[in-house]
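In: what follows is a predicted structure for the sequence shown.
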Amino acid sequence: MKSHTPTTLLTGATGFLGHFILRDLVQRGRRVVAILRAPLAGSTQRLSAMLAGLGMDLEEHRRTGLVLLREGALPDELPEPDWGATDDVVSCAASLQLLANGNGEPYKTNIEGMDQLLAWARQHNVGTFHAVSTAYVCGGLKNNVREVFHPEPPTFQTDYERTKWFAERKLHEWADANSRSYTVLRPSFLIGHSETGYTTQFGGFYQFARLVAMMAEHYRNGSNGDGTHIPLRIPGRQNDPIQNLVPVDFASRIVAEVVTTPGLHNRIYHLTDPAPPTWDDFKSWVEEYFNIYGGYFVDSDELSNGRSAAESLLWEKYDLLMPRIHHHVHFDQAHTREVMQRVGLEFPALSKQRFFKLLEYAASQRWGQKNGRDHNGTHRKSKARRPAGVH
Ligand SMILES: NC(=O)c1ccc[n+]([C@@H]2O[C@H](COP(=O)([O-])OP(=O)(O)OC[C@H]3O[C@@H](n4cnc5c(N)ncnc54)[C@H](OP(=O)(O)O)[C@@H]3O)[C@@H](O)[C@H]2O)c1
C-alpha cells in the first residue's frame, strides 16, 4: 500500500505570500492542494509564472503529484476532496481591501470565507488548521502586544483589520467547540525578498516609495547641484521606529516550519521586525536613494496647516496608512523567536543595502505597473516576471 504523504489544503497560493508558502511546504515534502479561483487555466498560468520566479517548476510538481490544483473560491465554492485525506488547512487567501466600498469585501472573503473553510474542515474531518492573519488585529494596542488571541475587539483603523480579527475569533470558537488545534501566523507589513527585493505586491511601503519617486522626479532640476532640495515636513520623531515591515521569505519560512512541526502548533506567532529602523535612518536612505534633501521632522499636528505642494503630494495620497506611521507598537515574539532559534534563523533586519534592493526591484517593475498590475499588486492576471536569483 502506498504510504500517505502529509497533505495540506492551501488557499491564496496565487498571492504574494501564498506562492512562497506553497514552494516552502513542497520543499519540506508536503503534498499541497491549492485552491485557485476560476478560470482555473488562467490562475494556473499565473501561479506557474510566479513559482518559476522562485525557481520552482509547477508542472513537474503536478506530474509527481506533490501539487494538486483545484478550482474554488471563498466563501462557498470549495471543492469536494477527490484527493484523499487532508491533514491540515493553511488559510492564506484574503481580501486586502482596506475599507468596505459596497462590494461586500473585505467581509465576504475574510469572515464568511473563514466560516466556510472551517465548516469544510469539520465536514472533512481535518483536525489541524493554520491561518495567516495580521499583526494589526491588535488595532490601536501598543504595549507589548502578546502572541495570544485578543478577546476584546480593539479599535480598528480599517475594515480589513476588523475582518481579520473576526476571522481569528471564528477560528478560536471553532477550535474550542470541536477540540481542534489552531495556529495563527500574524505578519506585519510584507515587503519583498530579503536578498533580491523580489515582490509581486506594491502597496503600503511601495506606494510611499513610489510617491517619493514621483516627487523627486517632479522637482528635479538639472541646475541645482548634486541633490534636489525639497523642503518637506515629516510628521513624527526622528528616533521613533518606522512602521513594522517583514520580508516575505522570512514570513513564509516561519509559516512552513510551524506547519510542518506539530510541536509548534496551537499557538500564535508574530512575524514582525523585532527592531525596526528609526525614521532618521529611513529618511537618510530615502534621501540618498532618490538624491534629494530638505526633509525635517515636525509634530504631526503641525502638518494640518498650509501644506506645500510637495507635502500634499506625499502625505495626502498616503492618508489611509498614515495612522500606522504613528503607531509604534511593540509586538512580543517569544513564539517566533523559539522557531528562529530552532532552525538557526536570524531576522533579516532592514539595512540600507536591503532598502536599496527593495526599491531597485520595485522600480524595475515600474512600481507594479508592469505586467498589468495595479500599484497594490491586486487583480494582476498576467505572468510575473522571473527575477534573477530569487530563492
Ligand atoms: N500583504 C501584506 O502586507 C500582509 C500583511 C499582513 C498579513 N497579510 C495576510 O497575508 C495573507 C496573504 O496576503 P498577500 O499579501 O499574499 O495577499 P495577495 O497577494 O493579495 O493574495 C491574496 C490571495 O487570496 C486569493 N483570494 C482573494 N480573495 C479570494 C476569494 N474570495 N476566494 C479565494 N481566493 C481569494 C487571491 O486569489 P487571486 O490571485 O485569484 O486574486 C490571492 O491568491 C492574507 O491573509 C493577508 O491578510 C498580508
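Out: Arrived safely, thanks for sending. Numbering: from 1, shown residues only.
In: from here on, just use CA atoms for contacts and neighbour counts.
Out: Noted.
In: would you map the helices across the protein?
Out: Remark: helices assigned in the chain by DSSP state H are 16-27, 40-52, 58-64, 107, 113-123, 159-178, 205-219, 248-259, 279-290, 309-311, 317, 322-325, 334-343, 352-364.
In: up against the ligand, what does the stretch 51-200 of the chain have?
Out: With CA under 6 Å from any ligand atom as the criterion, the stretch 51-200 of the chain meets the ligand at residues 73-74, 92-96, 109, 132-134, 187-190.
In: nearest to residue 293, out of those: which one, please.
Out: Among those, residue 189 lies closest to residue 293 (CA to CA), at 26.6 Å.
In: hang on, that closest one packs against residue 251?
Out: No. Using CA atoms under 8 Å, residue 189 makes no contact with residue 251, being 10.3 Å away.
In: the more surrounded of these two?
Out: The residue with more neighbours, out of residue 189 and residue 251, is residue 251; 24 against 20, by other CA atoms under 10 Å.
In: the more buried one: what's it in contact with?
Out: By CA atoms under 8 Å, 6 or more residues apart in numbering, the residues touching residue 251 are 17, 187, 271.
In: what about the closest residue to residue 58 other than its chain neighbours, distance to residue 34?
Out: Spatial nearest neighbour of residue 58, chain neighbours left out: residue 48 (5.5 Å); criterion: CA to CA, 6 or more residues apart in numbering. Going from residue 48 to residue 34 by CA to CA, to the nearest Å gives 12 Å.
In: report pLDDT for the closest residue to residue 114 other than its chain neighbours.
Out: Leaving aside its chain neighbours, residue 114 sits nearest to residue 167 (5.9 Å; criterion: CA to CA, 6+ apart). We have a pLDDT of 98 for residue 167.
In: separation between residue 167 and the ligand?
Out: Residue 167 is 10 Å from the ligand, where distance means CA to the nearest ligand atom, to the nearest Å.
In: contacting residues for that residue?
Out: Residues in contact with residue 167, defined by CA under 8 Å, 6+ apart, are 110-111, 114-115.
In: what does residue 155 give?
Out: Contacts of residue 155 (CA under 8 Å, 6+ apart): 139-140.
In: need the pLDDT of it.
Out: For residue 155, pLDDT reads 90.
In: for it, grab phi and psi.
Out: Residue 155 adopts backbone torsions of phi -80, psi 120, taken as degrees, to the nearest 10.
In: who is residue 90 paired with across the strands?
Out: Residue 90 has these beta-bridge partners by DSSP bridges: residue 10, residue 130.
In: my read: it touches residue 12, true?
Out: No. Counting by CA under 8 Å, residue 90 stays clear of residue 12, with 9.0 Å between them.
In: out of those two, which sits in the more crowded spot?
Out: Using other CA under 10 Å, the more surrounded residue of residue 90 and residue 12 is residue 90, with 26 against 22.
In: which ones are touching the more buried one?
Out: Listed by CA under 8 Å, 6+ apart, the contact set of residue 90 reads 8-11, 129-132.
In: that older thread, got the contacts of residue 251 as CSV, with pLDDT and neighbour count columns?
Out: Shown next, in CSV, are those (pLDDT from 0 to 100; neighbours: other CA atoms under 10 Å):
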residue, pLDDT, neighbour count
17, 98, 26
187, 98, 26
271, 98, 31
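In: now those as a markdown table including distance to residue 302?
Out: Listed next are the contacts of residue 251 as a markdown table, based on distance: CA to CA, whole Å:
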| residue | distance to residue 302 |
| --- | --- |
| 17 | 38 |
| 187 | 32 |
| 271 | 34 |
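In: considering those, which is situated nearest to residue 84?
Out: Closest to residue 84, out of all of the contacts of residue 251 and judged by CA to CA, is residue 17, at 26.1 Å.
In: need the nearest residue in space to that closest one, chain neighbours excluded.
Out: Nearest non-adjacent residue to residue 17, counting by CA to CA, 6+ apart: residue 248, 6.2 Å away.
In: cool, residue 81 as well?
Out: Setting aside the residues directly before and after it, residue 81 is nearest to residue 124 in space (CA to CA, 6+ apart), at 8.0 Å.
In: quick one, grab the pLDDT at the one you found.
Out: As predicted, residue 124 sits at a pLDDT of 97.
In: do I have it right that residue 100 meets residue 109?
Out: No. Applying CA under 8 Å, one finds residue 100 not in contact with residue 109, separated by 12.0 Å.
In: which one's more surrounded, the two?
Out: Counting neighbours by other CA under 10 Å for residue 100 and for residue 109 shows that residue 109 has the greater number, 22 against 13.
In: count of residues packed around residue 304?
Out: The number of residues packed near residue 304 is 8, by other CA under 10 Å.
In: now swap in residue 340 and tell me
Out: Residues near residue 340, counting by other CA under 10 Å, number 17.
In: quick one: the closest residue in space to it that isn't next to it in sequence and residue 254, what's the gap?
Out: By the measure of CA to CA, 6+ apart, the closest residue to residue 340 outside its immediate chain neighbours is residue 346, 6.5 Å from it. According to CA to CA, residue 346 and residue 254 sit 11 Å apart.
In: overlap in contacts, these two.
Out: Counting by CA under 8 Å, 6+ apart, the shared contacts of residue 346 and residue 254 are residue 340.
In: in stretch 39-51, which residues are buried?
Out: Neighbour counts over stretch 39-51 (16 or more other CA atoms under 10 Å) mark 43-51 as buried.
In: quick one: which of those is nearest to residue 27?
Out: For the buried residues of stretch 39-51, the closest approach to residue 27 (CA to CA) belongs to residue 51, at 12.4 Å.
In: next, count neighbours for the nearest residue to residue 24 once chain neighbours are set aside.
Out: Leaving aside its chain neighbours, residue 24 sits nearest to residue 256 (6.0 Å; criterion: CA to CA, 6+ apart). Residue 256: 21 surrounding residues under other CA under 10 Å.
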